[in-house]
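A.B. asks: Need a 3D model of the following:
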Amino acid sequence: MIRGIGPVMAGRIVNLFGLETIDTIEKDPERLRDVPGIGPKRIARIKQAWEEQREIKDIMLFLQSHSVTTTYAVKIYKTYEKDAIKVVREDPYRLAEDIYGIGFRTADQIAQNLGVEKESLSRVMSGLQYVLSQKADDGHVYLPRETLIAEAREILEVEEPPIQQAIDELARKEAIRVEEDAIYLAPFYYAEIGIANRLTHLLEIPSPHVPLEVIERCLARLEQQMQMDFAEAQCEAIRIAVTHKAVILTGGPGTGKTTTTIGMLRIFEQLGRRVVLAAPTGRAAKRLSETTGREAKTIHRLLEFSPQDMGFKRNAENPLPADVVILDEVSMVDLVLMNQLIKAVPLDATLILVGDVDQLPSVGAGNVLRDLIASERMPLIRLTEIFRQAQQSLIVMNAHRINQGKPPQLTGSADRDFFFIEEEDPDQAAELICDLVTRRLPDHYGWDPIDDIQVLCPMRRGRVGSEHLNQRLQESLNPNAEMLPRGGRQFRLGDKVMQIRNNYDYEVFNGDIGRITAVDPVEQLVTVTYPEKPVTYDLADLNELVPAYAITIHKSQGSEYRVVVMPLLTQHYMMLQRNLLYTAITRAKEFVVIVGTKRAMNIAIRNNRVTQRYTNLDDRLKHAGRTESPPEDLEPDQLSLL
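C.D. replies: Residues are numbered from 1 along each chain as shown. This next block holds a predicted model:
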């Protein structure tokens, strides 16, 4: 933790002073001259750094005395500075609210050691917020009261009366909202209402009238420019987009969704409309830009997020300078982010939502695309015809077969783009996947094993989960000696890594993938280069990065890869669902290899049960009544913490 001292120098110091190391640095730093390689300048630097780290040392010792890991000591200090120990002593549950990575259980362990009673109001309130946050991570916008109480009783080991009291107090403080039987964390409640209100208001304003003959002339000119004939379904989709305020365009691979989107964009441009393009992730925005030939931004960049103000500059008072907003990959947009976007859409503008409703829902809370479709408030354009060119791809055809509940075609010519390799043993499957990624596919097809091939896993855990496969693939693909250890992981120069939470200070977001391009073990810094820019992480924030040689299918949403390699075994039983398999296959542009058993595949295909998420957006939209608006001071800093 002392910048300027790397592992080698640290070893020399400890070898010389042993258990007296800390006392020596703190009370008699001049003795460091006795360590080979340390001169006056470095001693001065160590003295300065030690003063800065003294508070962190005290926090670490305090946490250790309460049997808590010291991994987050730096973050605690960065958050509270000199008040850190005071805050932890007086209200340890604030740690769970304020610091990423410290959950309720860790804060509760400290509180219990400090003598906080199990039925303490602050403990039960924190526990209730923890349950609601955990369920939001599973996609739920709210919980029924009985479900929340049952979950809280199990975690807190208390009876119902203190839980009811804590619910009342949280509601009084407006940390939660209670609506009949539904209990929301406040940001989710206001996000759901915000979307329903804004979309209802948007739909009330008439769309600019465009004569049908003008649309037909524009279509004819567009077909001439693009040197193609649109299918009738695509033409009708474009007509609907031009004549309505908000529409949804959905369809599977090979059905012309992208071409239809381009057609809509070009028609609006012919009509003199200002069009902006957006997608949830940097990778999805880049792909949208490449396919349309126009600039596309992530939602955060489109809305001009300001890290200084912790808020979006674009909102209802300062809307986007646009006549048409086209949002791609809507299936992966969660409730909170959709609310921020829709607030910034001008009320006289047109909103086009594009996505595949049969894919997995968003990682965050809500089921926005399904709810919007279920509400029937917006015209739905569903493209179903698979174009002849796409029919030549087994990836496309098998994705549609799986979506229809049919087994995929697993045989064909040697140059086909879809392969299945039978392997029942998890260890052998892991070995085979590593061999495919590191040797067989690169040798035979010339693909880069890191940039072109992506392993997608149903789960993180297990022998063929993303965590184990990442260890194996890192050792095989990047045995680089230059690295920085952190929290049981090694961050190596050249590693492929993924950001796993929104970090507004660094302006990188959940799911962004980059490569480690610099490692400084002395200064304790790691630089990751993303498609948009390089970002330098200090030691405290490295827990936001994970290796990305293998990632979960959920984390792959909105992305495309040249090659997808996927384990599919019955040890993934809990996650074997049709939309999971469908999502994984449709991430591949050129090639798919599935390693596993036909039994696991058949289980997934038969399981078409879409996991129920507690959400009321469709119901609010159906009734279209104006409901309570969010308070003015509820801004993205509160939302992003969730």
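
A.B. asks: what does stretch 114-129 contact?
C.D. replies: Contact with stretch 114-129 is made by 66, 89, 91-93, 96-97, 104, 107-108, 111, 148, 152, 155-158, 162-163, 165-167, 169-170, 175-176, 185, as judged by Cβ atoms under 8 Å, 6 or more residues apart in numbering. (Glycine included, C-beta is placed from N, CA and C.)

A.B. asks: What residues sit buried inside the biggest helix by length in the chain?
C.D. replies: Secondary structure of the chain per DSSP state H: the longest helix is helix 40-65. Residues 42-43, 46, 49-50, 53, 55-57, 59-60, 62-63 are the ones in helix 40-65 that count as buried (16 or more other Cβ atoms under 10 Å).

A.B. asks: where does the stretch 501-642 of the chain have low pLDDT?
C.D. replies: Judged by pLDDT under 70, the stretch 501-642 of the chain has its weakly predicted residues at 624-642.

A.B. asks: hmm, 90 instead?
C.D. replies: In the predicted model, the stretch 501-642 of the chain carries pLDDT under 90 at residues 501-512, 520-524, 531-533, 538-543, 555, 557-560, 571-576, 608-612, 623-642.

A.B. asks: mind checking the SS state of Ser143?
C.D. replies: That one is not Ser; residue 143 is Leu. Secondary structure assignment for Leu143 (DSSP: H, G, I helix; E, B strand; the rest coil): strand.

A.B. asks: Any idea how many residues pack against it?
C.D. replies: 23 (other Cβ atoms under 10 Å).

A.B. asks: If we ignore the residues flanking it in sequence, what's nearest Ala136?
C.D. replies: Ala365 (4.3 Å; Cβ to Cβ, 6 or more residues apart in numbering).

A.B. asks: contacting residues around that neighbour?
C.D. replies: The contact partners of Ala365, taken as Cβ under 8 Å, 6+ apart, are Ala136, Asp137, Gly139, His140, Val141, Phe188, Asp334, Leu335, Val336, Arg613, Thr615, Leu642.

A.B. asks: my read is it is in a helix, agree?
C.D. replies: No. Per three-state DSSP, Ala365 lies outside any helix segment and is coil.

A.B. asks: How about the helix or strand following the longest helix of the chain, which residues are buried there?
C.D. replies: Of the helices and strands lying after helix 40-65 in sequence (DSSP states H and E), the nearest is helix 73-80. Across helix 73-80, burial judged by 16+ other Cβ under 10 Å covers Ala73, Val74, Lys75, Ile76, Tyr77, Thr79, Tyr80.

A.B. asks: Just name the closest of these to Gln359, please.
C.D. replies: When the buried residues of helix 73-80 are compared for distance to Gln359 (Cβ to Cβ), Lys75 wins out at 34.3 Å.

A.B. asks: Now do that closest one against Arg54, distance only.
C.D. replies: Distance of Lys75 to Arg54, given as Cβ to Cβ, to the nearest Å: 17 Å.

A.B. asks: Next: Ala604.
C.D. replies: From Ala604 to Arg54 the distance is 55 Å (Cβ to Cβ).

A.B. asks: try Arg42
C.D. replies: Distance of Arg42 to Arg54, computed by Cβ to Cβ: 18 Å.

A.B. asks: and what of Pro144?
C.D. replies: Taken as Cβ to Cβ, the span from Pro144 to Arg54 is 49 Å.

A.B. asks: CA atoms only for stretch 291-309, dumped as PDB, please.
C.D. replies: Taking C-alpha atoms only, stretch 291-309 is exported to PDB below (Å, rounded to 0.1, in the frame of the first residue of the first chain):
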ATOM      1  CA  THR A 291     -23.900  -1.000 -39.400                       C
ATOM      2  CA  THR A 292     -25.600   2.400 -39.900                       C
ATOM      3  CA  GLY A 293     -22.600   4.500 -40.900                       C
ATOM      4  CA  ARG A 294     -23.700   7.100 -38.300                       C
ATOM      5  CA  GLU A 295     -22.500   8.000 -34.900                       C
ATOM      6  CA  ALA A 296     -24.000   6.000 -32.100                       C
ATOM      7  CA  LYS A 297     -23.400   6.600 -28.400                       C
ATOM      8  CA  THR A 298     -23.900   4.700 -25.200                       C
ATOM      9  CA  ILE A 299     -26.900   5.900 -23.200                       C
ATOM     10  CA  HIS A 300     -24.600   7.400 -20.500                       C
ATOM     11  CA  ARG A 301     -22.700   9.400 -23.100                       C
ATOM     12  CA  LEU A 302     -25.800  10.400 -25.000                       C
ATOM     13  CA  LEU A 303     -27.300  11.800 -21.800                       C
ATOM     14  CA  GLU A 304     -23.900  13.500 -21.000                       C
ATOM     15  CA  PHE A 305     -23.200  12.100 -17.600                       C
ATOM     16  CA  SER A 306     -21.200  14.400 -15.400                       C
ATOM     17  CA  PRO A 307     -19.000  12.700 -12.800                       C
ATOM     18  CA  GLN A 308     -18.500  16.000 -11.100                       C
ATOM     19  CA  ASP A 309     -22.200  16.600 -10.500                       C
END
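
A.B. asks: What lies in contact with it?
C.D. replies: With contact meaning Cβ under 8 Å, 6+ apart, stretch 291-309 is reached by 258, 261-262, 265, 275-282, 284-286, 288-289, 311-315, 320, 327-328, 333, 337, 340-341, 344, 502, 504-505, 507, 509, 636.

A.B. asks: For the residue nearest to Gly462 when sequence neighbours are not counted, give me its contacts.
C.D. replies: Excluding its sequence neighbours, the residue lying closest to Gly462 (Cβ to Cβ, 6+ apart) is Gln571, at 5.4 Å. Residues in contact with Gln571 (Cβ under 8 Å, 6+ apart) are Pro426, Gly462, Arg463, Val464.

A.B. asks: So which of these belong to helices?
C.D. replies: Reading helices off the contacts of Gln571 with DSSP H, I get Pro426.

A.B. asks: ok, which stretches of the stretch 51-200 of the chain are strands?
C.D. replies: With DSSP state E, counting those that start in this stretch as the definition, the stretch 51-200 of the chain shows strands at residue ranges 142-144, 176-179, 182-185.

A.B. asks: From Gly364, how far off is the residue nearest to the spatial centre of the chain?
C.D. replies: The centre of the chain sits closest to Asn510, judged by Cα atoms, centre = their mean, with a distance of 3.6 Å. Distance, Asn510 to Gly364, by Cβ to Cβ: 8 Å.

A.B. asks: what do you get for Leu432?
C.D. replies: To Gly364, Leu432 is 34 Å away according to Cβ to Cβ.

A.B. asks: distance between the ends of stretch 242-260?
C.D. replies: Using Cα to Cα, to the nearest Å, one end of stretch 242-260 lies 12 Å from the other.

A.B. asks: Report the mean per-residue pLDDT for it.
C.D. replies: Across stretch 242-260, pLDDT averages out at 94.

A.B. asks: swap in stretch 175-193?
C.D. replies: 96.

A.B. asks: again with stretch 276-291
C.D. replies: So the average pLDDT for stretch 276-291 ends up being 91.

A.B. asks: What distance do you get for the residue nearest to Gly462 to Leu351?
C.D. replies: Gln571 sits at a distance of 43 Å from Leu351 (criterion: Cβ to Cβ).

A.B. asks: Glu117 too?
C.D. replies: Relative to Leu351, Glu117 is positioned 51 Å away (Cβ to Cβ).

A.B. asks: Looking at those two, which one has more neighbours?
C.D. replies: Between Glu117 and Leu351, Leu351 has the larger neighbour count (other Cβ under 10 Å), namely 24 against 13.
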